[in-house]
Structures are given as C-alpha cells and as structure tokens.
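Enquirer: Starting from these lines, generate the structure:
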Amino acid sequence: MTPAETAKVLTKAAAYDLRTIGEADVLAWHEVLREYDFADAMEAVSRHYAEHTERLMPAHVRRIAQEIERDRRRAQREALEQLALEAEQADPPRRDRSDDVRRLIAELRDSLPDGDPDKLRRPEWVEHDKRRAREATAEPNPLYDPTVHARLAEEA
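Expert: Numbers count the residues shown, from 1 in each chain. Below you'll find the predicted structure:
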C-alpha cells in the first residue's frame, strides 16, 4: 500500500469517527500497514465499523485484513479442491485403481520364487516352533530309573 492509499484508508475511517488527519498520521499508519493490500484495508475499515463503535486503530486494520486474506486463500483452496473432486468423479479409474494394484501384486507374487518359511520368519519363532516339535515327539528316557533318583535325593 502506498502512503496515498494509507491516507484514503484514514479518510474512510474519519468519515465514521470524525478524526482529523495530518501528514504524521498518514506516515505512522503507513509504517504499520504498508504490507497490506489497499482493497483489504478499505474493507477492514467497513467491517470494523459495522461491528464496533470504538475508534479504529492500525492493529484493527491489520487483524481484519489478515482475516480477509485468510478467507480469500481458503476460498481459492476450496475452489481448487472442488475442481479436483469433479475431475475425479468425471474419471473413475483415475480415482479407484484397486483392480490395477491387485493385478500388479498378483503378477509380482507369481514372478517371485517360493520363500523358505524358516528364513522369512523371525529366528526366535523358528526356534520356538522347533522346541515345541521336539517336546511333542519326545519319549521317556529308557535308562531312567526313578528308584535311583529317589535314593540320590535321600543321600543329599
């Protein structure tokens, strides 16, 4: 915003609150508002006095101008999202490629060799399964004599 545009913003505010405007006022306000869009600042003055009776300050203009900019960006983003949604609805295969993905996975699975389950599993689980298989097929020790074991326990 230029100093001349800042003066116009102050002139609009003066129409509401009857303030007097001098060169120092324009310079001070311009220092704070120079990065904002002129149209947004003018709209900020209107919005402020539509809702509040307090005298307008540069902080009010900044806050409202930021809200206006944020609303404008949100409207643009929503418009782009709506266009993207309409484009997806117009071209269903573009959106739902699950059949292609399933076919690609099946082709990949068919092209790979069968894996060794012992190498594909975590080593501790492989060892656990081997231990369970040994225990399931274990037979009593034919050399074990329970009377000898009881006698050794008594001597100890």
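Enquirer: Check which element follows the lowest-mean-pLDDT helix or strand in the chain along the chain.
Expert: Between all helices and strands in the chain, the lowest mean by mean pLDDT, DSSP states H and E belongs to helix 92-95, at a mean of 66. Reading on from helix 92-95 to the C-terminus, the next helix or strand found by DSSP states H and E is helix 98-111.
Enquirer: quick one: that following helix to chain centroid distance?
Expert: 30 Å (C-alpha atoms, centre = their mean, to the nearest Å).
Enquirer: just stretch 53-61 next, same as before
Expert: Offset of stretch 53-61 from its chain centre (C-alpha atoms, centre = their mean): 35 Å.
Enquirer: buried ones in that stretch?
Expert: In terms of neighbour count (16 or more other C-beta atoms under 10 Å), stretch 53-61 has its buried residues at L56, P58, H60, V61. The C-beta positions use only the backbone N, C-alpha and C, and glycine is treated the same way.
Enquirer: JSON lines for these, including distance to L120?
Expert: Shown next, in JSON lines, are the buried residues of stretch 53-61 (distance: C-beta to C-beta, whole Å):
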{"residue": "L56", "distance to L120": "72"}
{"residue": "P58", "distance to L120": "68"}
{"residue": "H60", "distance to L120": "67"}
{"residue": "V61", "distance to L120": "66"}
